[in-house]
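Peer 1: Okay, sequence plus prediction incoming.
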Amino acid sequence: NAGVTQTPKFRILKIGQSMTLQCTQDMNHNYMYWYRQDPGMGLKLIYYSVGAGITDKGEVPNGYNVSRSTTEDFPLRLELAAPSQTSVYFCASRFSPSGSLINNEQYFGPGTRLTVT
Amino acid sequence: DAKTTQPNSMESNEEEPVHLPCNHSTISGTDYIHWYRQLPSQGPEYVIHGLTSNVNNRMASLAIAEDRKSSTLILHRATLRDAAVYYCILRDNDYKLSFGAGTTVTVRA
């Protein structure tokens, strides 16, 4: 298994541009997450999804959008890039059987480093 | 949301044990204690988790206080590859992990 893969690894955007960060997992996990990490800080949850067609906001959703049309893919869209969105973005996934509260681990991708200037 | 408190940093010598404390005095009865670590320029990776009993795996041990208000992650023999930021996290609900600033572990050769 490749696990959780993210593209691109690095990107520089100009203010006002748009882009989509790609995330794919091949573990058939139902839960997927997007986090951002600012320098020297912990991760903050942007959006998450508990299954195809279902998404919900996390702590810092403003300026972002997501969709989940398949189990494998969970793209993150930035519509009007702002300098405040300069950060490292991590995608993660986890398997949780329906109706279960099993506390298993999350698997993280390698991250996308985004700079907005 | 239940919160955790960790020291900002800790240092250790190579091949010596490392004990990383975590306080979580407001933990609820159903909160699991999770530990993740983040190596430089990488995404976080799972280390261990537990509810009430002490837990061991190939990476580390987790010692949980009887009242569950604190826990300690134990790396039995630190190597240079263990230098990372270690996060102690209480699972708020079934959906997400809430990351704090963590403890930066430095391992001296």
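Peer 2: Sure thing, it's come through.
Peer 1: how close does the residue most central in space within chain A get to B:Ser12?
Peer 2: Closest to where the C-alpha atoms of chain A average out (CA atoms, centre = their mean) is A:Trp34, at 2.5 Å. Distance check for A:Trp34 against B:Ser12: by CB to CB, to the nearest Å, it reads 33 Å. (Glycine included, C-beta is placed from N, CA and C.)
Peer 1: same deal with A:Asp26?
Peer 2: 36 Å.
Peer 1: Chain B: helices as residue ranges?
Peer 2: Secondary structure of chain B (DSSP state H): no helices present.
Peer 1: thinking again about what came up before, on the three-state scheme, the residue nearest to the centre of chain A is what?
Peer 2: Look at A:Trp34: counting by DSSP: H, G, I helix; E, B strand; the rest coil, its state is strand.
Peer 1: Please list the residues of chain B that sit near chain A.
Peer 2: B:30, B:32, B:34, B:36, B:41-46, B:49, B:51, B:87, B:91, B:94-102 (CB under 8 Å from any CB of the partner chain).
Peer 1: Out of those residues, name the ones that lie in strands.
Peer 2: B:34, B:36, B:45-46, B:49, B:87 (DSSP state E).
Peer 1: give me the low-pLDDT residue ranges for chain A?
Peer 2: A:98-103 (pLDDT under 70).
Peer 1: if you set the cut-off to 80 instead, what comes out?
Peer 2: A:1, A:96-104 (pLDDT under 80).
Peer 1: Show me where it has its strands.
Peer 2: Counting by DSSP E, the strands of chain A are A:4-7, A:10-13, A:19-25, A:31-37, A:43-51, A:54-57, A:64-66, A:76-78, A:87-94, A:107-108, A:112-116.
Peer 1: so can I have CSV of those strands showing distance to B:Asn8?
Peer 2: Below are the strands of chain A laid out as CSV (distance: least, CB to CB, whole Å):
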stretch, distance to B:Asn8
strand A:4-7, 29
strand A:10-13, 29
strand A:19-25, 30
strand A:31-37, 17
strand A:43-51, 17
strand A:54-57, 30
strand A:64-66, 30
strand A:76-78, 30
strand A:87-94, 20
strand A:107-108, 22
strand A:112-116, 24
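Peer 1: So for B:Thr26, which of those sits nearest?
Peer 2: Smallest distance to B:Thr26 across those (CB to CB): 19.9 Å, for strand A:43-51.
Peer 1: coming back round to it: just the buried members of the residues of chain B next to chain A?
Peer 2: B:32, B:34, B:36, B:43-44, B:46, B:49, B:87, B:91, B:95-100, B:102 (16 or more other CB atoms under 10 Å in any protein chain shown).
Peer 1: Least confident of these?
Peer 2: Lowest-confidence member of these: B:Tyr95, scoring 69 (pLDDT).
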